[in-house]
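Participant: Quick check, what structure comes out for this input:
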Amino acid sequence: MHFLATAFLSAILSLQVSAILIAPSPTPNSTELWTIPDLATHFMGANSGLPGGWPTNTGFNSTVSFTLNLALNTSTQCSTNWTQPFYPTAYIPCTDLVSQFQLQNTPDRNFSEGDFVLNVKAPGMHSSFRTNITFTASVHVSSDNLADPSSYLTCLGGAPLSGIHCAMNGMISVPGPIKLLAVANATSAKT
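Facilitator: The predicted model follows:
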């Protein structure tokens, strides 16, 4: 009886170890669903100063900030600021220091704080030895047009010199969260 129990346990352990060793890693077509529950921008705007423009020394940097919910119930905060008209085009690290985002022109080559493409990338939650997995996602974010499915922001001006504030889930934006289908890009690690 002892021999059978030992043989049975050995067989089970062998199967478990084999399953661990040959478990598939994500393929280039693996996907994850990410969400952005909140996104906000703040900028000067051409007509939000005083009549005739913005007085000297009253300007401020444009900003974008958002929460990125990744797979496995992890999230990170992402934000940046810049001086007009030079928005950042390089990838910017989020607070978790592994996720990154990039702002980009829209397909018709425009960029504004209320109309841009948001690119996001993060390392995969699963990777195998000698394989690096990076998930990437992209979404067009526009504003103030309920007929446009990418219109996630409502942008409103305030008092003179306070600029334009844009936020999700406003009166003239489609309801959030923003859903991102992140696709895995597998590359072989260098030895």
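Participant: Now stretch 167-180: buried residues?
Facilitator: Ala167, Met168, Gly170, Ser173, Val174, Gly176, Pro177, Ile178, Leu180 (16 or more other C-beta atoms under 10 Å). Just so you know, the C-beta spots here come from the backbone N, C-alpha and C atoms, and that holds for glycine as well.
Participant: I'd like to know which of the residues you listed is nearest to Ser99.
Facilitator: When those are compared for distance to Ser99 (C-beta to C-beta), Leu180 comes out closest, at 11.6 Å.
Participant: Please report the distance of the residue nearest to the spatial centre of the chain from Ile36.
Facilitator: The residue lying closest to the centre of the chain (C-alpha atoms, centre = their mean) is Val120, at 3.9 Å. To Ile36, Val120 is 8 Å away according to C-beta to C-beta, to the nearest Å.
Participant: for Ser79, same thing?
Facilitator: For Ser79, the distance to Ile36 - C-beta to C-beta - is 12 Å.
Participant: Give the residues shared as contacts by those two.
Facilitator: By the contact definition C-beta atoms under 8 Å, 6 or more residues apart in numbering, Ser79 and Ile36 are jointly contacted by Phe66.
Participant: burial of the closest residue to Ser99 other than its chain neighbours, as a residue count?
Facilitator: By the measure of C-beta to C-beta, 6 or more residues apart in numbering, the closest residue to Ser99 outside its immediate chain neighbours is Ala122, 4.1 Å from it. Per other C-beta atoms under 10 Å, the neighbour tally for Ala122 reads 24.
Participant: Would you mind giving the secondary structure of Ala122?
Facilitator: strand (DSSP: H, G, I helix; E, B strand; the rest coil).
Participant: for it, what are its contacts?
Facilitator: Contacts of Ala122 (C-beta under 8 Å, 6+ apart): Trp34, Leu68, Leu70, Val98, Ser99, Gln100, Thr134, Phe135, Ala182.
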